[in-house]
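**Student:** quick one: sequence plus predicted model below, questions after.
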Amino acid sequence: MALHLKVKISGADKIEKKLKTMEKKVAKKVVRDSVKKAQKIELSEAKQKALSLVGGEMGKQISDSLKIQAPKQKKGSYALNVQIDKNKAEQFIDKSKAGKENFIPAAIEYGHISRDGSFVKAIPFMRTSADETKQKRIDTFESEIKKGINNA
């Protein structure tokens, strides 16, 4: 359920040049910290949406299980996703009588067919939070990376 955001930063050429002049370890920390600060905005919104849109005990469990985690990625890139804590994901797996496994948060996010055959409408709490916080996350990332470069 990870949603990706590509960012185009104004003055990116200057920022990239400055990052390349910095010690590699310091430059990575500046980028990592900037991404994390931006993703905390989406995390907060996703937790609220789980509580308000999904609601009930399931909404609370999902909200409590959301966190920022780093995905496996190619060398030279850095990303953080808002997702269900890998250590808590097991509690959200529903097994049908036929043995088929379904991940409950994904079924809620995208909609699903219930056991009685009726369609259950999607409650896109993750997509909504990602969409609604997009510009604020971009602005935060941009300002934090510039601040990090200036303070390094």
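**Tutor:** Yep, that arrived. Note that the coordinates shown come from a computational prediction; the quantities given were computed from them, not determined experimentally.

**Student:** which positions in the helix or strand of the chain with the lowest mean pLDDT come out as buried?
**Tutor:** Scoring the helices and strands of the chain by mean pLDDT, DSSP states H and E places helix 12-21 at the bottom, with a mean of 82. By neighbour count on 16 or more other C-beta atoms under 10 Å, the buried set for helix 12-21 is 15, 18, 19. In this view, the C-beta of every residue, glycine as well, is placed from N, C-alpha and C.

**Student:** chain center to it: distance?
**Tutor:** Relative to its parent chain, helix 12-21 has a centroid offset of 26 Å by C-alpha atoms, centre = their mean, to the nearest Å.

**Student:** that helix packs against which elements?
**Tutor:** Here helix 12-21 touches helix 24-49, helix 125-151, going by 3 or more C-beta pairs under 8 Å, 6 or more residues apart in numbering; DSSP states H and E.

**Student:** and the next element down the chain from the shortest one?
**Tutor:** Which is helix 24-49. helix 56-65 (DSSP states H and E).

**Student:** is the one residue sitting closest to the centre of the chain in a helix, a strand, or coil?
**Tutor:** The centroid of the chain falls nearest to residue 82 when counting by C-alpha atoms, centre = their mean (2.3 Å). Classification of residue 82 using DSSP: H, G, I helix; E, B strand; the rest coil returns strand.

**Student:** repeat for residue 102
**Tutor:** With three-state DSSP as the basis, residue 102 sits in strand.

**Student:** which one is it nearest to, not counting chain neighbours?
**Tutor:** Residue nearest to residue 102 in three dimensions, not counting chain neighbours: residue 94, with 4.8 Å by C-beta to C-beta, 6 or more residues apart in numbering.

**Student:** model confidence score at the one you found, please.
**Tutor:** What the model reports for residue 94 is a pLDDT of 91.

**Student:** can I assume it sits in a strand?
**Tutor:** Yes: assessed by three-state DSSP, residue 94 belongs to a strand.

**Student:** for burial, what's the neighbour tally of it?
**Tutor:** When neighbours are defined as other C-beta atoms under 10 Å, residue 94 has 12 of them.

**Student:** my guess is it contacts residue 101. True?
**Tutor:** Yes: assessed by C-beta atoms under 8 Å, residue 94 is found in contact with residue 101 at 7.2 Å.

**Student:** show me where pLDDT drops low in this protein?
**Tutor:** Scanning the chain with the threshold set as pLDDT under 70 gives 1-11, 74, 76-77.
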